[in-house]
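Novice: here is a sequence together with a model predicted from it:
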Amino acid sequence: MNAKKIYLRSFGCQMNDYDSARLIDLMGTHGYERTNEPNEADLIVVITCSIREKAQEKTFSDLGRIREIKKERPHVRVAVGGCVASQEGRRVVSRAPWVDVVFGPQTLHRLPQLLAERERTGRAQVDISFPEIEKFDHLPAPCAQGPTAFVSVMEGCSKYCSYCVVPYTRGTEISRPLMDVLVECAQLASQGVKEITLLGQNVNAYQGKGPDAKPVDFALLLEYVHDIPGIERIRYTTSHPKEFSDRLIEAYAKLPKLANHVHLPVQSGSDRVLAAMKRGYTHDWYLERIAKLRAVRPDISIATDFIVGFPGETEEDFNETMRLIEEVGFDASFSFVYSKRPGTPAASYADDTPQDVKLARLQHLQAVVDAKAAEISKSMLGRIERCLVFGPARKGGGMLSARTDNNRVVNFPADAACIGQMVNIRITDVFPHTLGGELVA
C-alpha cells in the first residue's frame, strides 16, 4: 500500500519547530510520509503561535486556504496544534468547523488516537490538557535531518510576565529527566549531528532529575552534553536574565563547545517598564550579568528581544532602552511593537501612545542594533572562524553555507563533501545579512 501523506506547516518559535519535527517522526511510525504539497496530503497539520496577534491571525488565514482543499478532497483530515490551539481550544472548531482535531503542545503525541476517535465518532476532537512531559515518553527516537538539531529539555514557563501568554498556553515549568535529554542528544550525535540547540521556554531554569533523583541545574546539564562524543557545539534558547546564574556564566569559562553567542531577552531598558512587565530585574542588574559574562568571554556575541511601546512607555523610558543598547552593544535583536494578548494582565493596562510613535521608536532601535551588528561583522574580516557547514548556499553556484561560532552565516566555495563538517574559514567579505569566506586547510 502507498503511504499516507502528511503536510505540516509551523509558525512561531523553535519550540514549535522541534514539536513539528517530532510529530513527523511520530506520524512516520503510523504510516505517514511528509509532503511539501498540501493538495497531495491525507493529513494537514498546522502548528500555531499566539505570542502576537499577527501570528495568531495567520493561523486562521491559513485555515481559510485549507478549507478550499477540504472542499475538493473531503477525506483530508485537518489538525491544529500549538499555542493558538491551547489558548482557543474548541473555539478553533467553532471558527473553522472543517478542523477535525485540536491538540496542545503537551498532547501532540496523542494525535494518532485523536484521529482514530474522529473517525469512530464523526466528531471533531479537542485535547489541550497539560499532562506535563508525558509526550516525550510516547515519541519515537529522533531522526536527524542534517548536522544540527533541536532538543527540548523543558516545557512551559513560571515567570508570568504581564504581557505573555506562554504560561497559559504551555503550562508551568516542567523539566525532562537528565538521562532522557542525554539519550536524545546521543541518538542525534550517532546520526552525524554536530551541533545541538537545547530548547525551553525558559531553558536556563532547567531543574531535571538526575539518576540519583537529585535536581540537576542547567549549568550541569551543559557539562554532560559537552561530554557526548560527536557533539562539537552547543547552543540554547530562550533564556531568562533572572536564571542567568553565576554557575551558568562559569560554564562559558570551562566549556569550549558552548557557542560564543547567547540570546538573553531583556525586553526594555527602563526600570519602570520592566517592573510593569514583571520581569524581576533592573537595567543595572542586567548590565551586571553581561559584565560578568564578558569577564570570561570578552568577545561573546549577545542577542536580545525588545518590546517597544509597552503600555505607558514614555519617551524617557524608551531613551533608557536606547542607553542599554549602547552600553551592551547587542549583536542582534528580535524587536516588536507591543501586541495585546487576551487574558494577560497587561491587556488591561492603559495605553495612550500613538501607533506611529511606537513604529518610529521600533525603527530607530532596530537601526542602531543593525549598525552595531554590521560593525561586529566588519571586525571579523581576515579572521579564521571555526564553522559548521550545514548545506548548499541559497544562491548555488558551487557555494556552501556554514555558521560561525557567533551565529553568522558565511557562504564559501567548496566541495559538497564538506557538508556536515566543522571547517576553518577565513572571512573575506561582509554583506548586509551574511559573510563571504574561503576554506582554510
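Specialist: Right, received. Where do you want to start?
Novice: please make it C-alpha for all contacts and neighbour counts, starting now.
Specialist: OK.
Novice: for the stretch 1-150 of the chain, give me the ranges with low pLDDT.
Specialist: 1-2 (pLDDT under 70).
Novice: can you pull out the helices in it?
Specialist: For the stretch 1-150 of the chain, the helices defined by DSSP state H, counting those that start in this stretch cover 14-28, 53-72, 82-88, 90-95, 111-121, 134-137.
Novice: among these, which is the most enclosed?
Specialist: helix 82-88 (a mean of 26; mean count of other Cα atoms under 10 Å).
Novice: which other helices and strands does it contact?
Specialist: Judged by 3 or more Cα pairs under 8 Å, 6 or more residues apart in numbering; DSSP states H and E, the packing partners of helix 82-88 are strand 43-48, strand 101-103, helix 166-170.
Novice: tally of neighbours for Lys339?
Specialist: Wrong residue type there; residue 339 is Ser, not Lys. 19 (other Cα atoms under 10 Å).
Novice: is it in a helix, a strand, or coil?
Specialist: Put simply, Ser339 is coil when judged by DSSP: H, G, I helix; E, B strand; the rest coil.
Novice: tell me who's in contact with it.
Specialist: By Cα atoms under 8 Å, 6 or more residues apart in numbering, the contact set of Ser339 is 52-53.
Novice: surely Gly398 touches Ala414?
Specialist: Yes: with contact taken as Cα atoms under 8 Å, Gly398 and Ala414 are classed as touching, separated by 6.7 Å.
Novice: what about the two, which has more around it?
Specialist: The residue with more neighbours, out of Gly398 and Ala414, is Ala414; 15 against 12, by other Cα under 10 Å.
Novice: what distance do you get for the more buried one to Glu438?
Specialist: From Ala414 across to Glu438, the span is 8 Å (Cα to Cα, to the nearest Å).
Novice: again with Gly309
Specialist: Taken as Cα to Cα, the span from Gly309 to Glu438 is 43 Å.
Novice: who has more neighbours, these two?
Specialist: Gly309 (27 against 17).
Novice: these two touch, right, that one and Lys358?
Specialist: Yes: in this structure Gly309 lies within contact range of Lys358 using Cα under 8 Å: 5.2 Å.
Novice: relative to Ile24, how far out is the closest residue to Glu134 other than its chain neighbours?
Specialist: Closest residue to Glu134 apart from its sequence neighbours, by Cα to Cα, 6 or more residues apart in numbering: Gln106 at 7.6 Å. To Ile24, Gln106 is 15 Å away according to Cα to Cα.
Novice: now swap in Asn260 and tell me
Specialist: 31 Å.
Novice: ok, Glu385 - contacts?
Specialist: Glu385 touches 404-405, 424-427, counting by Cα under 8 Å, 6+ apart.
Novice: and what of Ile300?
Specialist: 260-262, 294, 406.
Novice: cutoff 6 Å now
Specialist: Counting by Cα atoms under 6 Å, 6 or more residues apart in numbering, Ile300 touches 260-261.
Novice: give me the neighbour count for the spatially closest residue to Asp331 that is not a sequence neighbour.
Specialist: Spatial nearest neighbour of Asp331, excluding adjacent residues (Cα to Cα, 6+ apart): Ala373 at 4.7 Å. Number of residues near Ala373 (other Cα under 10 Å) recorded here: 21.
Novice: try His75
Specialist: Neighbour count of His75, defined by other Cα under 10 Å: 11.
Novice: and if you look at Asp246?
Specialist: By other Cα under 10 Å, the residues close to Asp246 number 12.
Novice: from Tyr224, how far out is it?
Specialist: Distance from Asp246 to Tyr224, by Cα to Cα: 18 Å.
Novice: and if you look at Val101?
Specialist: Val101 sits 39 Å away from Tyr224, going by Cα to Cα.
Novice: the more surrounded of the two?
Specialist: Val101 (25 against 14).
Novice: so that one touches Gly122, yeah?
Specialist: No: with contact defined as Cα atoms under 6 Å, Val101 does not count as touching Gly122 (11.2 Å).
Novice: joint contacts of these two?
Specialist: Between them, Val101 and Gly122 share no contacting residue, judged by Cα under 6 Å, 6+ apart.
Novice: quick check: Phe390 is in a helix.
Specialist: No: applying three-state DSSP, one finds Phe390 to be strand, outside a helix.
Novice: for the remainder of this discussion, apply numbering that starts at 290.
Specialist: Taking 290 as the first residue, the last one we looked at is Phe679.
Novice: what about it, how many residues nearby?
Specialist: 20.
Novice: OK, contacts around it?
Specialist: Neighbour list for Phe679: 691, 708-709 [criterion: Cα under 6 Å, 6+ apart].
Novice: 8 Å instead, please
Specialist: So Phe679 contacts 435-437, 689-692, 708-710 (Cα under 8 Å, 6+ apart).
Novice: go on, Lys629?
Specialist: Here Lys629 is in contact with 341-342, 452, 635-636 (Cα under 8 Å, 6+ apart).
Novice: and the gap between it and Ser339?
Specialist: For Lys629, the distance to Ser339 - Cα to Cα - is 11 Å.
Novice: same deal with Arg561?
Specialist: Per Cα to Cα, Arg561 is found 26 Å from Ser339.
Novice: so which of these two has more stuff around it?
Specialist: Remark: of Arg561 and Ser339, Ser339 carries more neighbours, 25 against 15, as counted by other Cα under 10 Å.
Novice: isn't that one up against Gly370?
Specialist: No: the criterion here is Cα under 8 Å, and Ser339 misses it with Gly370 at 11.2 Å.
Novice: spell out the residue ranges of the strands in the stretch 490-639 of the chain.
Specialist: For the stretch 490-639 of the chain, strands defined by DSSP state E, counting those that start in this stretch occupy the ranges 496-498, 504-506, 522-526, 550-552, 590-597, 621-626.
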